[in-house]
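Undergrad: pasting the sequence and the predicted coordinates here, then a few questions.
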Amino acid sequence: QHYYITNNLSMVEQVINKVREPPNPKKIYRVALELSHQCDNVLKSTQILELFSPDNAAIRDKLRTYAERLIIPSSQFSRKGEDLIWKKVFYDVITSCRATKAHLSSPAKLPYRAHLMSAVGYYQHLLLKLQQQYHLNLCGVVDFAHDFSSSDTQVPDAILEEGISAVHRCLLYLGDLARYQAETEGINYKSISARFYHQALLICPKEGRPHNQLGTLAGINYEGLEAAYHYMKCLSSKIPFPGAGDNLKGIFNKTVSVSKDVMCSPESYPPTRRFLICFLLLADKLSGPVSMSEVDQLVRGLGGDFADCYTDNRQPFPPALVLKIVTMAIMLAENALAPGVDTVQPKLIPALVIELMTTILTVTIQQLGEKLSSPDNQFQSLQISGNVEEERSVVMLHVISTQSLLLPLKILGDWIKARHQLIAQDLTGTFWAQFGDLLNLFPHTRDLERIVKEGFSQSQQQQKIALPEDVALRGLAPLSTLHSQLEFPPMSPDLNLLDEFALRLLCLKSVGQFAAQLRPRPGLQYDLNSDLYSSLLAKPQVRSMITDRERTMKAMAHRRLQSEIKGLEYSVSANQYDSLSPFLVPVTSTVCLHLRTVKLLVATQRSVIIIPKQVIQDLDSLKKSRENHYARDAIKYFESMFKNGNWWLRGQGDQEFMSVKEPAPSPEMAGFLSVLSCCLYLANKSQGIVTLLVPDDAVSAAKNHKNCNAPNNYTGSLPSGELMELAKRYGIRVEGALEFYSKWTMSNRHGKIGRGK
């Protein structure tokens, strides 16, 4: 008996030791390889519908389990495990269905869609596992992120690079899967696919494959120009994707066949399509042996076509597309300027970039000058606190922020600074004169610095935070020095729309400073006192035009202030429908319980809604309660609106308060007095026309002299009748949010109140 007990204990110990043994990657890989062969046999010998049978699905699930053990924990077979999961478990089945079009019709359509959804779920789960294994913090970069970084764990650089590469491939797989889903689920999945590819670029900017996939996704958009851009970006990456060259050639071949008709009868094509086709044709010709006269003719024609597209203040191309066009021109120039290139290209291609930039300058100056000097502009009702000079600069910045062509101009300016020695002969005095004219339309440098604060170093004339166009062009060789000095997401702080444009204008002004310091022949002269630029070729009337622009901008700001006063006066009327306040201040319970009404009031673009700092503090406290989803929804909405710089909703300024000499025996009273101080400041500025928005239930309870209880799932309190009476004693109107919106709706139907009156 003792022998049997001892023997059994020995067997148990052997089992325990086996369990404790680390897994053998070689054995696991052999099993996974055998299962992959079974998957191959299934593909060869079965019908499409049989691929989704329980037995065949079980084989793939088993393969996935074994292959994942090669990835987590990491081993020398990790990459092979990744390939087995992608190719054998998911991709081969997808390819078989797409090859026979079986995924588009029953009965294979439903199991095919389920297969795709299973793959998406798996890679989202794997993405989190990889972040945990390699202690990565990808918050703000990928959608499925968690901060797994730890100060106690130091991951070697080689291991860290391995983890980032694995995450990069995982994002590519998710992008491909969303692209396949777009075929059955709808076009919206294309934007999801593009999002994953762009996240992959953020993870590994040196990799070209995401650009190749984005090119495939773009298809024939804009005559194939968007796809051509991504293929060219792929080929110019440090690690290009091999098939991108053939894909680009396919785009160019289609362009050549279409361009014959364009050349024969250009007037029969609209300017936008003519420009896109001719630009692609030029890119094709510059990629090989070229004819000097033919290319010169195309270059000159492109400038005219681009200008024709923007006649009558039209915006035919989205900003992202113009940025792609400019980037393609820069990449063509870089190829020509590379050492060892012995063709006519170095003489032609910089001329293409400068011609393009000159045309964009002309269009921007024309459109921006008209908007700045127009007496009938859409921001006359904009409410801004501060002195007149600051208001003038902010109003100007709002106008300038409508000019999407400033994005590509910023990139062109960066390229000129980086490659000036190679293209100096193409930068004529006329070009610099135009560039100086544009800079003179911008607000004063000191006002821009006040807005941007830490995003730009004036002493070094150096940008510090990456703008969206910098993120899009990250990895472009000529701009690599600039990009190495920038903070990119997720390390860079979030900028709202006005902050972005202020930083963009400072970057463009730094190009003007650069031109003024060129030796022996400066491109521009700079006057520090007036913050104005002039060309060495500028005649007296040019200086007169600059002075006129300054005078026009001051007059525009003065008209805006007069319009604000008239708007306030118009709002004061005996009729109850005409007495709507231009300033609305909601209390905390209003933004929580009536957030939808607040959004509707913002959409009316009739009144400026001010969110007091006290309300923001209250929301931060309330969001800690799990049951209180109101506060979280409100914070999410305000963060989005403040980030994008909406004119009709803003937070309380640092100086926007007046002291209220009332006792504060309770935290509730103290908080209400803080909101009231904001109202009093606005009332003093706008002649007493300020409305405090409270929940309608609180107004009704006060009228009936009853206590009003908050909803069960709202942990905050409602303003009491005593607090509302206190506000009224100080001359502040108090109205229910729903009642106030109802008044606006009725007045709008009667035609008594309209935007801009």
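TA: That came through fine.

Undergrad: pLDDT below threshold where in the stretch 501-650 of the chain?
TA: Scanning the stretch 501-650 of the chain for pLDDT under 70 picks out 536-580, 626-627.

Undergrad: where does the stretch 201-350 of the chain dip in pLDDT?
TA: 288-293, 312-313, 338-349.

Undergrad: where along it do the strands fall?
TA: For the stretch 201-350 of the chain, applying DSSP state E, counting those that start in this stretch gives no strands.

Undergrad: show me the helices in it, by range?
TA: For the stretch 201-350 of the chain, helices defined by DSSP state H, counting those that start in this stretch occupy the ranges 209-218, 225-235, 244-264, 271-286, 292-309, 319-337, 345-373.

Undergrad: show me what the second one is packed against.
TA: Contact here means 3 or more CB pairs under 8 Å, 6 or more residues apart in numbering; DSSP states H and E; on that basis helix 225-235 packs against helix 209-218, helix 244-264, helix 271-286, helix 319-337. Just so you know, the C-beta spots here come from the backbone N, C-alpha and C atoms, and that holds for glycine as well.

Undergrad: most tightly packed of those?
TA: helix 209-218 (a mean of 24; mean count of other CB atoms under 10 Å).

Undergrad: other residues contacting that helix?
TA: 172, 175-176, 179, 190, 193-194, 197-198, 200-201, 224, 226-231, 233-234, 237, 239, 241, 243-244, 247-248 (CB atoms under 8 Å, 6 or more residues apart in numbering).

Undergrad: ditto for stretch 87-106
TA: Counting by CB under 8 Å, 6+ apart, 35-36, 39-40, 43, 48-49, 51-52, 60, 63-64, 67, 108-109, 112-113, 115-116, 119, 122, 173, 177, 180, 183-184 sit against stretch 87-106.

Undergrad: list the buried residues of that stretch.
TA: Using 16 or more other CB atoms under 10 Å as the test for burial, stretch 87-106 gives 88-94, 96-97, 102-103.

Undergrad: quick check, central residue of this protein?
TA: The residue lying closest to the centre of the chain (CA atoms, centre = their mean) is Pro468, at 6.4 Å.

Undergrad: hmm, it is touching Leu407, no?
TA: Yes - in terms of CB atoms under 8 Å, Pro468 counts as a neighbour of Leu407; the distance is 7.5 Å.

Undergrad: where does Ser74 fall, secondary structure wise?
TA: Ser74 belongs to no helix or strand when elements are defined using DSSP states H and E.

Undergrad: isn't it right up against Gln132?
TA: No - if you go by CB under 8 Å, Ser74 and Gln132 don't touch, sitting 12.0 Å apart.

Undergrad: among the buried residues of stretch 87-106, which lie within helices?
TA: 92-94, 96-97 (DSSP state H).

Undergrad: let's have those in JSON lines, adding pLDDT and distance to Cys678.
TA: Formatted as JSON lines, these follow (pLDDT from 0 to 100; distance: CB to CB, whole Å):
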{"residue": "Asp92", "pLDDT": "95", "distance to Cys678": "63"}
{"residue": "Val93", "pLDDT": "94", "distance to Cys678": "61"}
{"residue": "Ile94", "pLDDT": "94", "distance to Cys678": "58"}
{"residue": "Ser96", "pLDDT": "91", "distance to Cys678": "65"}
{"residue": "Cys97", "pLDDT": "90", "distance to Cys678": "61"}
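
Undergrad: tell me the one of those nearest Lys685?
TA: Among those, Ile94 lies closest to Lys685 (CB to CB), at 62.5 Å.

Undergrad: show me where the stretch 51-200 of the chain has its helices.
TA: So, for the stretch 51-200 of the chain - with DSSP H, counting those that start in this stretch - the helices run 54-71, 78-83, 92-99, 109-133, 157-185, 188-203.

Undergrad: let's have the ones you listed in JSON lines, adding distance to Pro350.
TA: Formatted as JSON lines, those follow (distance: least, CB to CB, whole Å):
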{"stretch": "helix 54-71", "distance to Pro350": "48"}
{"stretch": "helix 78-83", "distance to Pro350": "43"}
{"stretch": "helix 92-99", "distance to Pro350": "44"}
{"stretch": "helix 109-133", "distance to Pro350": "44"}
{"stretch": "helix 157-185", "distance to Pro350": "35"}
{"stretch": "helix 188-203", "distance to Pro350": "28"}
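
Undergrad: how about these, which one is nearest Asp654?
TA: helix 188-203 (34.2 Å).

Undergrad: who are the packing partners of the closest one?
TA: Judged by 3+ CB pairs under 8 Å, 6+ apart, helix 188-203 is in contact with helix 157-185, helix 209-218.

Undergrad: between these, which one is nearest to Asn24?
TA: The minimum distance between Asn24 and the helices and strands packed on helix 188-203 falls on helix 157-185, with 20.6 Å, by CB to CB.

Undergrad: just the angle for the closest one relative to helix 109-133, thanks.
TA: Counting by axes from the mean of the first three to the mean of the last three CA atoms, to 10 degrees, helix 157-185 lies at 160 degrees to helix 109-133.

Undergrad: report the buried residues of helix 157-185.
TA: 162-183.

Undergrad: related to what we said a few turns ago, tabulate the buried residues of stretch 87-106 (TSV), appending distance to Arg729.
TA: Output for those, formatted as TSV (distance: CB to CB, whole Å):
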residue	distance to Arg729
Lys88	77
Val89	72
Phe90	70
Tyr91	72
Asp92	77
Val93	74
Ile94	71
Ser96	78
Cys97	73
Ala102	76
His103	70
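
Undergrad: can you tell me which of these lies closest to Val353?
TA: Nearest member of the buried residues of stretch 87-106 to Val353, counting by CB to CB, is Tyr91, at 40.9 Å.

Undergrad: distance of the closest one relative to Lys260?
TA: According to CB to CB, to the nearest Å, Tyr91 stands 40 Å off from Lys260.

Undergrad: pull up the distance across stretch 623-630, start to finish.
TA: Length of stretch 623-630, first residue to last, CA to CA, to the nearest Å: 8 Å.

Undergrad: flag the shaky bits of the stretch 351-500 of the chain, pLDDT-wise.
TA: Ranges of the stretch 351-500 of the chain meeting pLDDT under 70: 373-391.
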